[in-house]
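Engineer: What shape does this take:
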Amino acid sequence: MRGYGALVLAPLVLVACSGGGGSPGGEGKSASATGSARAEPGARTSAKPDDTGVIDADPARLPTSPEEALDLIGRVIAEPATFGPGVVKRSPYESDPATWPVLGTDCIWRQEKPASSVLATLSRSFEVPAAGGKGPMRLSAVVTVHRTRDDARWEMAESVEETMRCPTQQLRQGELIGSMIASSLGQEKGVMDSAEDFLLESGEYQNAELGGGPYPYSWYLSQSLQFTVAVTGKGAKGWSQQEIDVLANQAHSTMLLRLGAAVEKQS
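Structural biologist: Below you'll find the model as predicted:
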């Protein structure tokens, strides 16, 4: 297996910074419902259109049907232990594979049918239960298999556009994210050998059910080949940004390792 080291957390390239904005609450990331203008595919990646990226993939191991894509997702996506001790399943644990979130013109996320570019997508929800004066930290993991590598690149580009387009985003009733900073780590910077493209967003999370907030929020998204992998961490009373990032980074790095093992050429 080629190198799939831990992700570097420090943002190197500032691509968006606004009074708010952000990403969905752990159910994945999708094109906006407005059909807004897209960046050129691959414009934010170092990999050339004719190379295979950081994973030396075996074409025979790449999924070409929804069934094969869901099978691969099942081998890659995190479970509670992937994050670390004390993390448990939330209910509902898994999303409906027939839906994914779309950001509307009103900056509210809704569940809709996946785009035609998606072979399969799945999210799982987790929690560190409230204890010791801390509220419940909510975590999630998402793996999406696109039909092509360029489709996966579109997802990365659209994620940045969504952050800038919507200063504040409603995940669901009483749940908001804002004050987001989005940063990209490019492969050409020499600090990433686990993905072709990587986006980190951090900001503020508000949840009326958990006492309002704001609380720390982190969202990681990476792309390799036709795949995207994402992790979200939503804080609560008593949790620091660093504590959230430790858990999120652990799960994100592990899923990238699993992805490489699932599709790489075998010696």
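Engineer: all helices for this structure, in order.
Structural biologist: In the chain, the helices defined using DSSP state H lie at 66-76, 80-83, 149-165, 241-263.
Engineer: Going along the chain, name the strands of this protein.
Structural biologist: Here the chain has its strands, by DSSP state E, at 13-17, 88-94, 100-103, 109-112, 118-128, 137-146, 168-172, 175-186, 197-207, 212-224, 227-234.
Engineer: Buried deepest among the ones you listed, which one?
Structural biologist: Highest mean neighbour count among these (mean count of other C-beta atoms under 10 Å): strand 227-234, with a mean of 29. The C-beta positions use only the backbone N, C-alpha and C, and glycine is treated the same way.
Engineer: Check which helices and strands that one sits against.
Structural biologist: strand 137-146, helix 149-165, strand 212-224, helix 241-263 (3 or more C-beta pairs under 8 Å, 6 or more residues apart in numbering; DSSP states H and E).
Engineer: which residue is nearest the middle of the protein?
Structural biologist: With distances taken as C-alpha atoms, centre = their mean, the residue of the chain nearest its centroid is Ala230 (2.1 Å).
Engineer: for it, which residues make a bridge with it?
Structural biologist: Val142, Leu221 (DSSP bridges).
Engineer: what's the pLDDT at it?
Structural biologist: pLDDT, Ala230: 95.
Engineer: For Ala208, see how far away it is.
Structural biologist: 25 Å (C-beta to C-beta, to the nearest Å).
Engineer: ok, now Glu67?
Structural biologist: Counting by C-beta to C-beta, the gap from Glu67 to Ala208 is 40 Å.
Engineer: now do Ser224
Structural biologist: Taking C-beta to C-beta, one finds Ser224 at 37 Å from Ala208.
Engineer: What pLDDT is listed against Pro136?
Structural biologist: Pro136 is given a pLDDT of 96.
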